[in-house]
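1. Pasted the sequence and its predicted model underneath.
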Amino acid sequence: MNATRELAQDDVIEVPRGLKGVVVTETELGDVRGQQGFYHYRQYSAVELAESRGLEDVWFLGLHGRLPDATERAQFAAQVAAARHLPAELVAALPVIAAAGGPPLDGLRTALSLLGSALGLQPVYDLDDATRRGDVLALAAAVPTVLAALHRLRSGLQPLEPRDDLGHAAAYLTMLTGQQPSRAQARAVEQYLVLTVDHGFNASTFTARVIASTGADAAACLVGAIGALSGPLHGGAPSRALDTLDDIGTPDRIDPWVRARVLSGDRIMGFGHAVYRTEDPRSRLLRSVAEQLSAGNQEASALVELAEQTERRVVEILAELKPGRELHTNVEFYAGVVMYLCGLPREMFTPTFAVARVIGWAANVLEQARDSKIIRPSARYVGPPAPQPVPR
């Protein structure tokens, strides 16, 4: 039973723009505590999971409600690996999708629609929970294969088959770059993916749940979520945060660059978050990951040091010029650094975010599908008074 009461047909409730702070349902999947700088997946700290567990474990947790034992982990990893292989109908269509151009997420939307059709997915309303689980897993597992294939095709290269002997993160990097990553690179990207699997009722997650509430098939739910993620106000752009560091260039340019942006009121990419009022816990861990990746590499170490100095000075200069306004790094800032150090091209930074978030969307689709109530809010009409005579 939801905590929100059922309303009479003509009842309305005034809520803040954007539904900020409005509880629309109950969930067992996790929560974000913005004031505390903490978030969790089910009963576990998401950061602690990223530090100690692999992506497949967290994926299993989202779908099944518990962490797997060793046998279940191996079986689930094998199931995911098998689902990374695309059906022939989709493989044949990928060159056409790639040739159409556009951002990678556009191609992913089209590909997932085709995949849903090729798999013969039925409305979640008509399915039992086990079948729904199989559907969302098949779709989520295919995302890195699709994205890597589209990127390579647009680069004039042939797509690569997924490696069943590699974990999800390592398989994705291999398909994308054509080279098997080092253990450190694979683990760094895996930790980023774990950190970004889910994050409360953000716009894309809510979109997936709205579509699931209609009873639509799982592909429709995930395609809608990708559409929401593609918006610049939601998915963000870790590449833009990296562009900030490129623009600054050297440590001696940090202060004048930051002061100019603060005084002009411009947004500093990679800083600030809609929920967190403290340091983003994802940024904290990714900073550590970036430091580990850069150890022993002079060029990489210089980039990480520039990022850390920029982070410190933004906070200090804000305190000086705009007292009381706190602005901390968000997940995008160090995510861009980590992905760059792992060899990911910048245009694939946000799509890589989708590789993770589709796993969280899948769990949310499952949870929403168990509730037969359609999400159907109201709007207040503010146009010209009606009815008026139709001009003749």
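-> That came through fine. Residues are numbered from 1 along each chain as shown.

2. ok, for Ala307, nearest residue in space, not its chain neighbours?
-> Nearest residue to Ala307, sequence neighbours excluded (Cβ to Cβ, 6 or more residues apart in numbering): Val337, at 5.4 Å. The way it works is simple: take the backbone N, C-alpha and C, and place the C-beta from them, glycine included.

3. Is Gln35 in contact with Glu326, as I believe?
-> No - using Cβ atoms under 8 Å, Gln35 is not in contact with Glu326, being 11.7 Å away.

4. Which one of the two is surrounded by more residues?
-> Glu326 (13 against 9; other Cβ atoms under 10 Å).

5. picking up where we left off before, element containing the residue nearest to Ala307?
-> helix 331-341 (DSSP states H and E).

6. Against which helices or strands is that helix packed?
-> Packing partners of helix 331-341 (3 or more Cβ pairs under 8 Å, 6 or more residues apart in numbering; DSSP states H and E): helix 183-195, helix 238-248, helix 281-294, helix 298-321, helix 349-369.

7. what packs against the second one?
-> Right, helix 238-248. Using 3+ Cβ pairs under 8 Å, 6+ apart: helix 238-248 touches helix 254-264, helix 298-321, helix 331-341, helix 349-369.

8. what is the orientation angle of it with helix 183-195?
-> Per axes from the mean of the first three to the mean of the last three Cα atoms, to 10 degrees, the angle that helix 238-248 makes with helix 183-195 is 120 degrees.

9. residue ranges for the helices of the stretch 1-150 of the chain, please.
-> 46-52, 55-64, 70-83, 88-99, 104-118, 129-154 (DSSP state H, counting those that start in this stretch).

10. between those helices, which one is nearest to Asp165?
-> Of all the helices of the stretch 1-150 of the chain, helix 70-83 sits nearest to Asp165, with 8.1 Å by Cβ to Cβ.

11. Please could you give me each C-alpha atom of the closest one, formatted as PDB?
-> Only the C-alpha atoms of helix 70-83 are listed here, as PDB (Å, rounded to 0.1, in the frame of the first residue of the first chain):
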ATOM      1  CA  ALA A  70      29.600 -17.600  -5.600                       C
ATOM      2  CA  THR A  71      27.500 -20.100  -7.600                       C
ATOM      3  CA  GLU A  72      24.900 -17.500  -8.400                       C
ATOM      4  CA  ARG A  73      27.500 -15.000  -9.400                       C
ATOM      5  CA  ALA A  74      29.000 -17.300 -11.900                       C
ATOM      6  CA  GLN A  75      25.600 -18.300 -13.300                       C
ATOM      7  CA  PHE A  76      24.500 -14.700 -13.600                       C
ATOM      8  CA  ALA A  77      27.700 -13.500 -15.200                       C
ATOM      9  CA  ALA A  78      27.300 -16.300 -17.800                       C
ATOM     10  CA  GLN A  79      23.700 -15.200 -18.400                       C
ATOM     11  CA  VAL A  80      24.800 -11.600 -18.900                       C
ATOM     12  CA  ALA A  81      27.600 -12.600 -21.200                       C
ATOM     13  CA  ALA A  82      25.300 -14.700 -23.400                       C
ATOM     14  CA  ALA A  83      22.800 -11.700 -23.600                       C
END
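
12. Just the buried residues of it, please?
-> Using 16 or more other Cβ atoms under 10 Å as the test for burial, helix 70-83 gives Arg73, Phe76, Ala77, Val80, Ala81, Ala83.

13. quick one: which of those is nearest to Leu195?
-> Nearest member of those to Leu195, counting by Cβ to Cβ, is Val80, at 18.7 Å.

14. Can you tell me, leaving aside adjacent residues, what's nearest to that closest one?
-> Closest to Val80 by Cβ to Cβ, 6+ apart is Ala141, at 4.9 Å.

15. And the nearest residue to Ala184 once chain neighbours are set aside, how far from Arg313?
-> The shortest distance from Ala184 to any non-neighbouring residue, by Cβ to Cβ, 6+ apart, is to Leu293 (6.2 Å). Relative to Arg313, Leu293 is positioned 23 Å away (Cβ to Cβ, to the nearest Å).

16. what sits against the nearest residue to Gly30 once chain neighbours are set aside?
-> Nearest non-adjacent residue to Gly30, counting by Cβ to Cβ, 6+ apart: Tyr41, 4.5 Å away. Listed by Cβ atoms under 8 Å, 6 or more residues apart in numbering, the contact set of Tyr41 reads Leu29, Gly30, Leu49, Val58, Leu61, Gly62, Val197, Asp198.

17. filter those to the buried ones?
-> Buried among the contacts of Tyr41 (16+ other Cβ under 10 Å): Leu29, Gly30, Leu49, Val58, Leu61, Gly62, Val197, Asp198.
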